[in-house]
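**Student:** have a look at this fold, sequence not included:
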Ligand SMILES: [Zn+2]
Ligand SMILES: [Zn+2]
Ligand SMILES: [Zn+2]
């Protein structure tokens with residue numbers, strides 16, 4: 001099975017110039033406890049990752065898009081959980097997969 005990140009959907013990356021719509025996904029997020037700081041998918045495959053992201057809908061931890069696995073995006077595509085954050089607690093960076101931008 002090919003798990004490399006070629007299948008990433010970048011259909012309309014040219015969209016949304018200027019005023020981007022507000023991301024309403026962040027209003028609906030529950031309070032979640034992040035899981036263990038590891039990508040279980042990568043561990044199962046014996047891979048390493050560049051960075052870990054946590055799903056703010058369910059707390060699932062997976063590797064970022066710039067990791068070989070891209071399992072965080074895979075989690076979004078499976079579950080439609082739209083927003084992830086870095087595991088570093090002092091970082092306020094959050095990414096919405098639906099709006100394709102930081103929120
Ligand atoms: Zn959004
Ligand atoms: Zn991974
Ligand atoms: Zn999730």
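**Tutor:** Received the coordinates, thanks. These numbers come from a predicted model, not from an experiment. Numbers count the residues shown, from 1 in each chain. Ligands and ions are numbered 1, 2, ... in the order given.
**Student:** could you pull out the strands for the protein?
**Tutor:** Taking DSSP state E as the criterion, the chain contains strands spanning 52-55, 61-63, 83-86, 94-96, 101-102.
**Student:** I'd like to know which elements the last one is packed against.
**Tutor:** In terms of contacts (3 or more Cβ pairs under 8 Å, 6 or more residues apart in numbering; DSSP states H and E), strand 101-102 is packed against strand 94-96. For the C-beta atoms, the positions are set from N, CA and C on the backbone; glycine is no exception.
**Student:** do the strand it packs on and ligand 3 meet?
**Tutor:** No - using Cβ under 5 Å from the ion, strand 94-96 stays clear of ligand 3, with a minimum separation of 12.9 Å.
**Student:** surely residue 47 meets residue 71?
**Tutor:** No - Residue 47 is beyond contact range of residue 71, at 9.4 Å (criterion: Cβ atoms under 8 Å).
**Student:** the two: who's more crowded?
**Tutor:** Neighbour tally, residue 47 and residue 71, criterion other Cβ atoms under 10 Å: the higher count belongs to residue 71, 27 against 15.
**Student:** next one: residue 59 from residue 38, what distance?
**Tutor:** From residue 59 over to residue 38 the distance is 13 Å, taken as Cβ to Cβ, to the nearest Å.
**Student:** ignore the last one, residue 55
**Tutor:** Residue 55 sits at a distance of 14 Å from residue 38 (criterion: Cβ to Cβ).
**Student:** which one of the two is surrounded by more residues?
**Tutor:** It is residue 55, of residue 55 and residue 38, that has more neighbours when counted by other Cβ under 10 Å, with 23 against 14.
**Student:** quick one: contacts for that one?
**Tutor:** Residues in contact with residue 55 (Cβ atoms under 8 Å, 6 or more residues apart in numbering) are 32, 61-62, 72, 75-76, 79, 81, 83-84.
**Student:** just the buried ones from these, in PyMOL syntax?
**Tutor:** Selection command for PyMOL covering only the buried members of these, criterion 16 or more other Cβ atoms under 10 Å:
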select buried, resi 61+62+72+75+76+81+83+84
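**Student:** would you reformat the contacts of residue 55 as CSV and include pLDDT?
**Tutor:** What follows is the contacts of residue 55, written out as CSV (pLDDT from 0 to 100):
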residue, pLDDT
32, 93
61, 97
62, 97
72, 98
75, 98
76, 98
79, 98
81, 98
83, 97
84, 97
